[in-house]
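> Pasted the sequence and its predicted model underneath.
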Amino acid sequence: MASIVYSVLLVVSFIFLVLKKSEAESYFPLKIIGYFILGSFAFNFNQIPLPLGFIVYLIFFRPSLNIDIKRLAAIFGVLSFILVHWILPIANQEWQSRPLFIEHKLGSVYTMNFKNEYELIKQKLKLENQNFRLEDFRVEYLKDGRITDLSWQLPRQNGNSFVLYQIRYDINKSRYQVTNSKLDTWLQYNRLIDAEHFFENLDVLDIKDITHLKGDFSSYVIRSTGERTNFAVENGTHYFLLNGEIQVLDDERLPVEAYYISTFAMKKTGEKRDDQGNLREESFEGTISSDYLFDVKFREE
């Protein structure tokens, strides 16, 4: 795209300036091209392009014939530099990172197939053949199964850089909002789980049974960092998934290396009201947590 824009600017500027020639001069068309290229010449300093060619023109070049036209050629060149190296990359980045919306109505969290939701997003974004990792999955819901918050991130390596898709469900507008950005480095990328594999394990959980065991609370949360980690949290309720079955993980077998999904209830701990008695602020804390580990590597292995 940038090369096409540059070529068009060069051709248009060349035709315009050649027609404005006021003094006879040998090799004039070639000189006009030279001044344009000089004005557009870029030098990268710490990956920041600078108009070195135009600076060189201002300091060292003093033409004696067709002075104004050659100055215009250099100015057109530096303008093309600004457009190609500064404006177009910023505009392209803004366009690619614009929010995308996927209209979709969610059902109950108790009947929801999260892998299908993941495949739907990939299909709508035309990313079916791309492999993604997963990070920071979170779903919050009420006792009746209504989802109040749903989000996760999908990073993908692209050559020497990374692309990050951030997915959040807009409850009020019944649609997914997807934004993406480009990152140069991602230190923990290799520790993140394959997204499809994560959702396959998440769908093994019976969320309705998990919620029923926790009792009546304001809301409930399921979340995961997506990162493989050394798990050593004792004196808690832990399970591990093996061949589609859920088994109890005793403290004696800790620590282990695994991916894990945390579930807990949100208990209301306080509230603030104004002078008219209207609720202004509420505070909550997590309680009755249980963790579900998978791809577990035990010490004896």
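Good, I have the coordinates. Residues are numbered from 1 along each chain as shown.
> Helix or strand, whichever it is, which one in this structure has the lowest mean pLDDT?
helix 88-96 (a mean of 77; mean pLDDT, DSSP states H and E).
> what's the spacing between that one and its chain's center?
Relative to its chain's centre, helix 88-96 lies at 15 Å (C-alpha atoms, centre = their mean, to the nearest Å).
> Dump it to CSV, restricted to CA.
Extracted in CSV, the C-alpha atoms of helix 88-96 (Å, rounded to 0.1, in the frame of the first residue of the first chain):
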residue,chain,number,x,y,z
LEU,A,88,-0.4,6.0,6.6
PRO,A,89,1.1,3.7,9.4
ILE,A,90,-0.9,5.5,12.1
ALA,A,91,-4.1,5.5,10.0
ASN,A,92,-3.6,1.8,9.2
GLN,A,93,-3.0,1.0,12.8
GLU,A,94,-6.1,2.9,13.9
TRP,A,95,-8.2,1.1,11.2
GLN,A,96,-6.9,-2.4,12.2
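> where exactly do the helices run in the stretch 51-200 of the chain?
Counting by DSSP state H, counting those that start in this stretch, residue ranges of the helices within the stretch 51-200 of the chain are 52-60, 67-81, 88-96, 114-124, 195-202.
> Lowest average pLDDT across the ones you listed?
In terms of average pLDDT, helix 88-96 trails the rest of the helices of the stretch 51-200 of the chain, at a mean of 77.
> Can you name every helix or strand that it contacts?
Where contact means 3 or more C-beta pairs under 8 Å, 6 or more residues apart in numbering; DSSP states H and E, helix 88-96 is packed against helix 2-19, strand 175-183. For the C-beta atoms, the positions are set from N, CA and C on the backbone; glycine is no exception.
> Kindly reformat those as a markdown table containing mean neighbour count.
Shown next, in a markdown table, are the helices and strands packed on helix 88-96 (neighbours: other C-beta atoms under 10 Å):
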| stretch | mean neighbour count |
| --- | --- |
| helix 2-19 | 14 |
| strand 175-183 | 16 |
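> right, and those - which one's nearest Asp251?
strand 175-183 (38.0 Å; C-beta to C-beta).
> neighbouring contacts of that closest one?
Strand 175-183 has contacts (C-beta atoms under 8 Å, 6 or more residues apart in numbering) with 93, 96-104, 121, 125, 155, 158, 161-170.
> try 7 Å
Strand 175-183 is contacted from outside by 96-97, 99-104, 121, 125, 161-170, using C-beta atoms under 7 Å, 6 or more residues apart in numbering.
> so what pLDDT did the spatially most central residue of the chain get?
For the chain, Leu164 is the residue whose C-alpha lies nearest the centre (C-alpha atoms, centre = their mean; 2.7 Å). Here, the pLDDT recorded for Leu164 equals 94.
> Could you find the closest non-adjacent residue to it?
Of all residues not flanking Leu164 in the chain, Pro155 sits nearest, at 4.8 Å (C-beta to C-beta, 6 or more residues apart in numbering).
> So what's the residue count around that neighbour?
Residues near Pro155, counting by other C-beta atoms under 10 Å, number 23.
> okay but it is in contact with Gln188, surely?
No: between Pro155 and Gln188 there is no contact under C-beta atoms under 7 Å: 9.7 Å.
> Might you report the residue contacts of the residue nearest to Leu164?
Contacts of Pro155 by C-beta under 7 Å, 6+ apart are 132-133, 135, 162, 164, 186, 189, 192.
> Tell me which two in these are the farthest apart.
Top of the distance list for the contacts of Pro155 (C-beta to C-beta): Phe132 and Trp186, 12.5 Å.
> any idea how far Ser290 is from Gln96?
If you measure Ser290 against Gln96 using C-beta to C-beta, to the nearest Å, the figure is 40 Å.
> neighbours of the spatially closest residue to Ser13 that is not a sequence neighbour, just the number please.
Residue nearest to Ser13 in three dimensions, not counting chain neighbours: Phe76, with 4.2 Å by C-beta to C-beta, 6+ apart. Here the number of neighbours of Phe76 (other C-beta under 10 Å) works out to 22.
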